[in-house]
Structure formats: structure tokens, C-alpha cells
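[1] Generate coordinates for the sequence data below:
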Amino acid sequence: MRAMIVDDEAPARSELRYLLEETGRIDGIMEASSAREAVERLMDGKVDVMFLDIQMPKTSGMQLAEALHKLKNPPAIVFVTAYSEYALDAFGVDAVDYLMKPVEPERLAQALDKVQGRMKPEEPQSHSAVERIPVVKSGRKVLVPIDQIRYIEAKDDYSCIYTDVDRFLSTISLAKLEQKLAPHGFFRVHRGYIVNLEYVEDVEVISSGILQLGINGIEGKKISVSRRRVVALKRALGL
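    Residues are numbered from 1 along each chain as shown. Below is the predicted model of the structure:
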């Protein structure tokens, strides 16, 4: 089981890390001091459970949980807080458990039991079960797994699909691709672009107030975000 601790207070992170390590049930632990950093760390690897403080500067733990809840495969959320009044809201975002600080080892063990009970066993995925998009490459049809797609750009009557190593044309419209890919963590940031949120590497505000996204694996590419989609995008990224 892989875990992430999100808390703006370093002593609280250290104490929880110690308790988790003592259980012997955690394979790896990442730490983040803010919601923004947590989103960035999620891009570094899979997280099975996130131990999330609620009261944090800027983006609260509850706001981050709401954004993660919309992902196709979000990590399990266990809130760890000194405030009991948010318990009802916590289960509104499908939190697995709600621990009060200071965390007792017995309660932590119970929370881990709940997380493991919810986790699906990892099974090899057959090639035929992988979601793929039909594209055209060198005059022939190719099926591209959607988890390899970084972003999609509208090009005249076609959609241009980019992976980290190649580019493909599809006759499927951007609107239809948006409907198909939205449940898989894709977001239409502009009338001409859909991005895979998993590969958003950085968010930059340029002089005119427009947001630009950097895409992991696509060097030098910046994708502008439509003003009317900024709020929804920030919510999806936990910003």
C-alpha cells in the first residue's frame, strides 16, 4: 500500500509517518505541505491512500478531496485533523475514515483496514480491455491507449492526438473525444484543446492573466486555458 501525507505542519507529517511505518503495512510514503504540492506529487507515482489535513493555507484539504473525488481512480482519503465539525462533510466526498489528532495507533490500524477493504486487487489487464482511440498513422489504422495520450488538439476537420513520442490524426471530433475521455481524467481547457490532467506538469499565469499549462513529456509546449474554464480546471487540479 502506497501512502501520501498532506499537512502544512512538518511535525504532524513526521509523527504520522512514524506511526504508518510502525504498522509495517505501507510500502512507500510521500509527503506534501500543501494541496498544490500534493497534486504535483501525485504525478510522480500511484498513491493508494492520502492522509489529508483539512485546515491548510490557500486550498483546504476538503477542497482537494472534492477535486480528487472526480478522478477516475482517486486515492482513498483519510482525513487527519484536530477539528471534529467537518466529519459530515468528509463523508460527502466519500472519505474512508476521519481521524482526530493526536492519532492513536489503534484508530490508524482501523483506518488502514478500511482502506484495504476498499482497494481492488491489482490484476494484469488484458490488452483488449485497455481503453483505446482509433487513429490514422502512415495511412493505416492504429489503436492508441488513452493512458499514453498527453493532449489532443483540433486541426481543421481532424483531431491531432499527442503522446510523448508521437502524433496521430483521428477523424473523431474534439467534442466526441471530450465525452469519451472525461471519465478518464481528461479536461477540455480550450475550444481547441483537451489535456490529460495526469500529465499537467505546471500551471503558469502569463501577463494577460491567462493560464498556460506545461505538459509532461512534451518539451516546449504551452497550452492556453480559456478564461471560462479556469475555475473548473483549478478545482480539478486542486489549486
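[2] quick one: least confident helix or strand in the protein?
    Among the secondary structure pieces of the chain, namely its helices and strands, helix 87-92 has the lowest mean (mean pLDDT, DSSP states H and E), a mean of 68.
[3] Tell me how the protein divides into domains.
    Residue ranges of the domains in the chain are recorded as 2-118, 127-237, according to automatic domain parsing.
[4] Just put the ones you listed in TSV and tack on mean neighbour count.
    C-beta: built from backbone N, CA, C; applies to glycine. Listed next are the domains of the chain as TSV, based on neighbours: other Cβ atoms under 10 Å:
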stretch	mean neighbour count
domain 2-118	17
domain 127-237	15
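[5] which other residues reach stretch 162-177?
    Under the contact criterion Cβ atoms under 8 Å, 6 or more residues apart in numbering, stretch 162-177 has outside partners 133-137, 142, 144, 148-155, 157-161, 180, 186, 188, 191-192, 194, 216-218.
[6] same thing with stretch 65-83?
    Here stretch 65-83 makes contact (Cβ under 8 Å, 6+ apart) with 4, 7, 12, 16, 42, 47-55, 61, 86, 90, 93-101, 103, 111, 115, 118-119, 183-185, 197, 235-238.
[7] What about the residues you listed, which are in strands?
    Among the contacts of stretch 65-83, the ones falling in strands (DSSP state E) are 4, 49, 50, 51, 52, 97, 98, 99, 100.
[8] State the pair within the residues you listed that is farthest apart.
    4 and 100 (19.7 Å; Cβ to Cβ).
[9] pLDDT score assigned to residue 83?
    According to the per-residue confidence, residue 83 scores 75 in pLDDT.
[10] Could you report the distance from it to residue 16?
    16 Å (Cβ to Cβ, to the nearest Å).
[11] Test my guess that residue 51 contacts residue 2.
    No - Residue 51 is not in contact with residue 2 according to Cβ atoms under 8 Å; the separation is 11.8 Å.
[12] Show the contacting residues for residue 217.
    For residue 217, the set of contacting residues under the criterion of Cβ under 8 Å, 6+ apart consists of 150, 163, 164, 199.
[13] Kindly confirm my reading that it is in a helix.
    No - using DSSP: H, G, I helix; E, B strand; the rest coil, the secondary structure at residue 217 is coil, not a helix.
[14] Quick check: the gap between it and residue 19.
    Here residue 217 is placed at a distance of 36 Å from residue 19 (Cβ to Cβ).
[15] tell me the contacts of the closest residue in space to residue 57 that isn't next to it in sequence?
    Closest residue in space to residue 57, ignoring its immediate chain neighbours: residue 8 at 6.1 Å, by Cβ to Cβ, 6 or more residues apart in numbering. For residue 8, the residues meeting the contact criterion (Cβ under 8 Å, 6+ apart) are 33, 34, 53, 56, 57.
[16] Please determine how far residue 8 is located from residue 36.
    Counting by Cβ to Cβ, the gap from residue 8 to residue 36 is 11 Å.
[17] try residue 59
    Remark: distance between residue 59 and residue 36 (Cβ to Cβ) = 7 Å.
[18] Which residues are in contact with each of these two?
    Counting by Cβ under 8 Å, 6+ apart, the contacts common to residue 59 and residue 36 are 238, 239.
[19] Name the spans of this protein whose pLDDT lies under the cut-off.
    By pLDDT under 70, the low-scoring segments of the chain are 86-91, 120-130.
[20] at 50 what do you get?
    When the per-residue scores of the chain are filtered using pLDDT under 50, the ranges that remain are 123-129.
[21] That one: helices as residue ranges?
    Listed in chain order, the helices found in the chain under DSSP state H are 10-23, 35-42, 61-68, 87-92, 105-118, 174-181, 230-237.
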